[in-house]
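Colleague: Sharing a model that was predicted from the sequence below.
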Amino acid sequence: MRVVSLVPSLTELLYHLGVDVVGITKFCVHPEEWYRTKPRVGGTKNPDINRIKELKPDLILANKEENRKEDVEQLRQFSQVLVTNITTINDALEAIRLIGRVCNVVQAAEKLVHSIIELWKPLQGSADGARVLYLIWRKPYMAAGTDTYIHHVLQHLGFSNAVNQSRYPVVDEKSIRLMNPELIFLSSEPYPFREKHLAEFQGMAPTAHVRLVDGEAFSWYGYRMIPAASYFYLLIHDINEMKR
């Protein structure tokens, strides 16, 4: 089967399920081996349709949030396109199972799902209800709200999302102050927050603990949920120690 992946987290998933690909996006950085060697077909929001067609795919993997509907419609004119829609942890597990069936790697998919469930089980509720503002963008400031995968990961870990709006609302300095979060998480992606940004948000919420977090752990579903578990364990341990 000739597969093109337009979703970075699913590209990594395919690799660990043992499914080869003939094309990936420029944002598919894992695994590094594929990033260096596989044909690239543009970005997630602006794929090179003609280049993809030249690769003669039997299956194209896309995602409702990461890819555009108009691109998917064009791709469906010459290939099967599987569009995932992942907003919960259960959605992520079911997507692994679905891709396992479609790509004929059911056993590998079930094994991965079982491993994720076992690793994530002890993490449930371990953050003890701390109120978190999770920021994904700067200028304008954008946060992860409800009805997002990030929100459900926060919930599973035991954090309380300081944002009660859906999807990814724009927030400003005044609303951040009113939220009065205990923690502000600055994600490494899609906006690459760095150490230099910590003081900017500390000034808006002087009592909050502001820290950089691994955006891949919080927003990449699929195989990335395996290393994410150990990252979350260390993160929550560090936060709980800080609160003592």
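Modeller: Structure's in. What do you need?
Colleague: Where does pLDDT dip in the chain?
Modeller: Of all residues in the chain, none has pLDDT under 70.
Colleague: I'd like to know which elements the longest strand along it is packed against.
Modeller: Counting residues, the longest strand in the chain under DSSP state E turns out to be strand 131-137. Packing partners of strand 131-137 (3 or more Cβ pairs under 8 Å, 6 or more residues apart in numbering; DSSP states H and E): strand 142-143, helix 149-157, strand 160-161, helix 173-179, strand 183-187. (Each C-beta comes from the backbone N, C-alpha and C, glycine too.)
Colleague: From Val21, how far off is the residue of the chain most remote from its centre?
Modeller: Distance to the chain centre peaks in the chain at Arg244, reaching 30.4 Å (criterion: Cα atoms, centre = their mean). Taking Cβ to Cβ, to the nearest Å as the measure, Arg244 falls 47 Å from Val21.
Colleague: now Glu70
Modeller: 23 Å.
Colleague: ok, the most centrally placed residue in the chain - contacts?
Modeller: For the chain, the residue sitting closest to the mean C-alpha position, by Cα atoms, centre = their mean, is Ser219 at 2.0 Å. Shown in contact with Ser219 (Cβ atoms under 8 Å, 6 or more residues apart in numbering): 9, 149-150, 153, 187, 189.
Colleague: Ok, Arg131 next?
Modeller: The neighbours of Arg131, taking Cβ under 8 Å, 6+ apart as the test, are 159-162, 179-183.
Colleague: PyMOL command to pick out the buried ones of these?
Modeller: In PyMOL, a selection of the buried entries from the contacts of Arg131 looks like this (16 or more other Cβ atoms under 10 Å):
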select buried, resi 159+161+162+179+181+182+183
